[in-house]
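Q: based on what follows, work out the 3D shape:
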Amino acid sequence: MRYPIIFGTVAIARMIYNQSEFDLRCEWGSQGVAQLAPISDVIVIVDVLSFSTCVEVATNNGAIIFPYAMRDESVIDYAKSVQAELASHRQRWTTTGYSLSPKSVAQIPAGTRLVLPSPNGSFLTLRTGNTPTLAGCLRNCQAVAEFAQKYGNKIAVIPAGERWKEDGSLRPAFEDLIGAGAILSYLNGNLSPEAKVAVATFQAFRQDLLGYLKKCSSGKELIEKGFAADIELSAAYNVSDCVPLLIDNAYVNYRLN
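A: Presented below is the predicted three-dimensional model:
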């Protein structure tokens, strides 16, 4: 007598949550990367305010951006090991002048090697394994989508979200859902329900992206800290053909390489 194979709870969970029956997938944060990266042809990290926008602006100028997950003493040694400058956490004044603020890298010279610590975008980037990885935002949504499709039909788009300061847990962020939806709207294939929600959200707010990004929680936080200019850069829709591609642990503009 044959008995049916009973899968372990881990295997069942993977089958439930990986959206594998769909071409275009969307899931939040580190668990989204863990579930979707292994079964996708390419993965897109979306952190609109501000990691992926900062990466787009910098690499569009020809800079080379090394993501680093945390800002602690180890990042200093890492920057030295890759012969790169070290960006500060977003501040008005830094030793290099560069930070997570997109405005800070608006004039970065071509060829600059910069380590960019980030607990969201960088953290997720470094967990995608061998899956080709892109950084996407509102500025380069169409270019990234078209390039991603060259890798294959199975595409994962990961809105990074933010972290609650109290316990470090995930805070799903309006701006990242909008950014993910913008990218997904340019992709061809059948969308998971999660991906459809992202597209629908983008379409609902696309007529006033700047206005809504200023009103959302992350935007209000930046305005309070004096970084309203970063929101304006981040809200610019489809203005760039830059495709930041992760090569040897660094984002470079594919179109310049």
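Q: give me the phi and psi for G136.
A: phi -120, psi 150 (degrees, to the nearest 10).
Q: now do the strands in this structure.
A: Assigned strands in the chain, in chain order: 24-26, 42-46, 64-68, 85-86, 113-117, 133-136, 155-159, 162-163, 170-171, 244-247, 250-253 (criterion: DSSP state E).
Q: turn those strands into a markdown table, including mean neighbour count, mean pLDDT and distance to Q207.
A: Placement of C-beta: from N, CA and C, glycine included. Below are the strands of the chain laid out as a markdown table (neighbours: other C-beta atoms under 10 Å; pLDDT from 0 to 100; distance: least, C-beta to C-beta, whole Å):
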| stretch | mean neighbour count | mean pLDDT | distance to Q207 |
| --- | --- | --- | --- |
| strand 24-26 | 27 | 98 | 22 |
| strand 42-46 | 30 | 98 | 20 |
| strand 64-68 | 24 | 98 | 31 |
| strand 85-86 | 19 | 96 | 39 |
| strand 113-117 | 23 | 97 | 32 |
| strand 133-136 | 29 | 98 | 21 |
| strand 155-159 | 30 | 98 | 20 |
| strand 162-163 | 18 | 92 | 25 |
| strand 170-171 | 16 | 94 | 25 |
| strand 244-247 | 22 | 98 | 27 |
| strand 250-253 | 24 | 98 | 29 |
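Q: any chance of those in a markdown table, with distance to K225 too?
A: Shown next, in a markdown table, are the strands of the chain (distance: least, C-beta to C-beta, whole Å):
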| stretch | distance to K225 |
| --- | --- |
| strand 24-26 | 29 |
| strand 42-46 | 22 |
| strand 64-68 | 22 |
| strand 85-86 | 21 |
| strand 113-117 | 18 |
| strand 133-136 | 23 |
| strand 155-159 | 22 |
| strand 162-163 | 14 |
| strand 170-171 | 17 |
| strand 244-247 | 25 |
| strand 250-253 | 25 |
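Q: please name whichever of the ones you listed is nearest to I223.
A: I223 sits nearest to strand 162-163 of all these, at 15.4 Å, using C-beta to C-beta.
Q: and that closest one, what does it pack against?
A: In terms of contacts (3 or more C-beta pairs under 8 Å, 6 or more residues apart in numbering; DSSP states H and E), strand 162-163 is packed against strand 170-171.
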